[in-house]
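# Got a sequence here, can you model it:
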Amino acid sequence: MGHLDHAAYGWLTPVLSYVMASIGAALGLRCTVRALAATGPSRRNWLVTAASAIGTGIWTMHFVAMLGFHVTGTEIHYNVPLTILSLLVAMIVVGAGVFAVGYGKDRGRALVLGGLTTGLGVASMHYLGMAALRLHGGISYAPLTVGLSVAIAVVAATAALWAALNIKSPVAVAVASLVMGAAVSSMHYTGMFAVAVHVTPSDQALPGATAMQFIFPLAVGLGSYLFITSAFVALSPTADERAASASASASASASASASAVGRPGERSAPAR
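This is a model prediction of the structure:
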């Protein structure tokens with residue numbers, strides 16, 4: 001059995017992966033809050049952004065953490081199509097959960113359905129990403145630990161969606177995002193502790209791409225997307241801010257009209 005190292009670069013990958021998960025959660029929660037205050041196409045657009053943010057954050061968290069995963073006696077490569085599929089699964093399934101909450105009439109039932117769907121999406125992304133691993137040997141899992149990781153994912157997703165429905169202030173959303181990031185990271189490392197690798201030494205070249213060839217550039221690109229989108233959301237006015245701006249404009253217009261009516265009429269002096 002190969003010796004597993006889940007943090008080959010020390011605290012760098014766990015801390016960085018936690019930061020990415022928290023940023024994705026914060027952005028997703030803020031977008032969901034915006035969506036619930038919007039109507040029509042605007043609500044749909046905010047929910048799509050929320051799903052892409054949460055899905056991207058979770059995926060980036062997983063594969064940044066995987067940069068620190070080493071197994072003695074074998075290299076590790078990644079199947080590129082499966083890895084990309086895991087990203088799409090994360091976005092699509094998380095999107096289904098977010099839309100269930102965003103458009104659900106019964107908030108309680110929508111929360112349960114959305115939390116279950118999103119949690120299973122997170123777990124599916126994780127284990128599909130693990131299925132993309134290529135190494136000399138075989139991978140097995142401890143079923144009870146796998147079950148625990150799935151349960152953590154469902155609970156974390158439900159808690160995040162509850163926060164989106166009930167927490168509005170930016171500070172509270174930030175705290176909820178830190179908790180969500182910790183929960184997602186816990187799910188990941190719980191799932192990784194379920195892994196056992198049986199190494200079969202071989203000189204044969206592994207198929208797929210190394211982490212530095214594929215995972216690292218993609219993670220950097222997605223991380224940049226999260227930062228840019230966060231800046232966009234932070235600079236975009238909220239519904240309350242738009243309403244206040246419209247009210248101020250209406251008040252200024254009314255004041256100008258009243259002032260014009262109140263002034264005596266200005267007439268031209270009669271010609272002499």
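# where along the chain do the strands fall?
Counting by DSSP state E, the chain has strands at residues 4-5, 70-71, 77-78, 133-134, 137-141, 195-199, 209-210.
# got these as JSON lines, with mean pLDDT columns?
Listed next are the strands of the chain as JSON lines, based on pLDDT from 0 to 100:
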{"stretch": "strand 4-5", "mean pLDDT": "87"}
{"stretch": "strand 70-71", "mean pLDDT": "90"}
{"stretch": "strand 77-78", "mean pLDDT": "92"}
{"stretch": "strand 133-134", "mean pLDDT": "92"}
{"stretch": "strand 137-141", "mean pLDDT": "92"}
{"stretch": "strand 195-199", "mean pLDDT": "92"}
{"stretch": "strand 209-210", "mean pLDDT": "87"}
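# For residue 53, which of those is the nearest?
Nearest to residue 53, of all those, is strand 77-78, at 23.3 Å by CB to CB. Any C-beta I mention is one placed from the backbone N, CA and C, and that applies to glycine too.
# What ranges in this structure fall below the confidence cut-off?
Scanning the chain with the threshold set as pLDDT under 70 gives 1-2, 234-272.
# Any idea how many residues pack against the closest residue to residue 110 other than its chain neighbours?
Residue nearest to residue 110 in three dimensions, not counting chain neighbours: residue 104, with 2.5 Å by CB to CB, 6 or more residues apart in numbering. Number of residues near residue 104 (other CB atoms under 10 Å) recorded here: 16.
# Contact partners for residue 104?
Counting by CB atoms under 8 Å, 6 or more residues apart in numbering, residue 104 makes contact with 110, 111, 113, 114.
# For residue 53, state which of those residues is nearest.
Of the contacts of residue 104, the one sitting nearest to residue 53 (CB to CB) turns out to be residue 114, at 15.5 Å.
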